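> Below: sequence and its predicted model.
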Amino acid sequence: MTKFEKLMPVSHIVRAFCKAMKSLIEDEVVVNDMECQLKAEMVRVSEEIPRIIFLKGKEEDVCIIPNEVAWIEADGSYVRFHMANGRKVLMSCNLQSVLNQLYEVGIDYFVRIHYSHAVNLYHIKSRSGNVLFVGRKDLAVSDKYRKDFSKYYCVIRKRP
């Protein structure tokens, strides 16, 4: 597997973009050059984003891989990280502070959808109305966060 293929799911966007460009631009050399530039930029950006994060604990810091976190849940003065494999990690902190710290280091694929939930965009399986299906969990997008969340997706419809 190449360094580019190991990148987060954003690499799928690059492939889709290049495929779309090939259908619009007849000059394949131009498209290939654009693809090379995009891949180089993806590699550069991925090297700046942490591959692991440590959650500060009393006695030891717990290591997690950020893109394996399916969603984050606020629970009083604690935050619970729900991993894709079912593991849960509890930390004494508030949800907004966690999100701010993730954004500061370039991890921007967590989006707040509720007072007590933030979801990893790459772990959303489907949706029904204002409910997102993340793994085996149903998470509601509250009215307060619906408009902000809608900036992160589009709906493709069948044209008549």
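Everything's here; your move.
> Residue 152 versus the residue nearest to residue 95 when sequence neighbours are not counted, what's the distance?
Excluding its sequence neighbours, the residue lying closest to residue 95 (CB to CB, 6 or more residues apart in numbering) is residue 74, at 4.0 Å. In short, each C-beta sits where N, CA and C put it, glycine included. Counting by CB to CB, to the nearest Å, the gap from residue 74 to residue 152 is 20 Å.
> higher neighbour count, these two?
residue 74 (19 against 12; other CB atoms under 10 Å).
> lowest-confidence helix or strand of the protein?
helix 10-24 (a mean of 63; mean pLDDT, DSSP states H and E).
> excluding its backbone neighbours, what's nearest residue 108?
Among residues not flanking residue 108 along the chain, residue 102 sits closest, at 7.5 Å (CB to CB, 6+ apart).
> and what of residue 130?
residue 141 (4.6 Å).
> Quick check, that neighbour in contact with residue 132.
Yes - with contact defined as CB atoms under 8 Å, residue 141 reaches residue 132; the gap is 6.3 Å.
> Now do the shared contacts for these two.
Residues touching both residue 141 and residue 132 (CB atoms under 8 Å, 6 or more residues apart in numbering): residue 113.
> And the residue nearest the centre of the chain?
Centrality entry for the chain: nearest residue to the mean C-alpha point is residue 109, 3.0 Å, by CA atoms, centre = their mean.
> gap between it and residue 69?
From residue 109 to residue 69 the distance is 10 Å (CB to CB).
> Show the backbone phi and psi for the residue nearest to residue 130.
Main-chain dihedrals, residue 141, degrees, to the nearest 10: phi -90, psi 120.
> mind listing what it touches?
Going by CB under 8 Å, 6+ apart, residue 141 touches 113-114, 130-132, 149.
> where do the helices sit along the chain?
10-24, 28-48, 95-104, 143-149 (DSSP state H).
> Surely residue 95 is in contact with residue 112?
Yes - using CB under 8 Å, residue 95 makes contact with residue 112 at a distance of 7.4 Å.
> Give me the neighbour count for the residue nearest to residue 81 when sequence neighbours are not counted.
In space, and not counting its chain neighbours, residue 81 is closest to residue 89: 4.4 Å by CB to CB, 6+ apart. Neighbourhood size, residue 89 [other CB under 10 Å]: 16.
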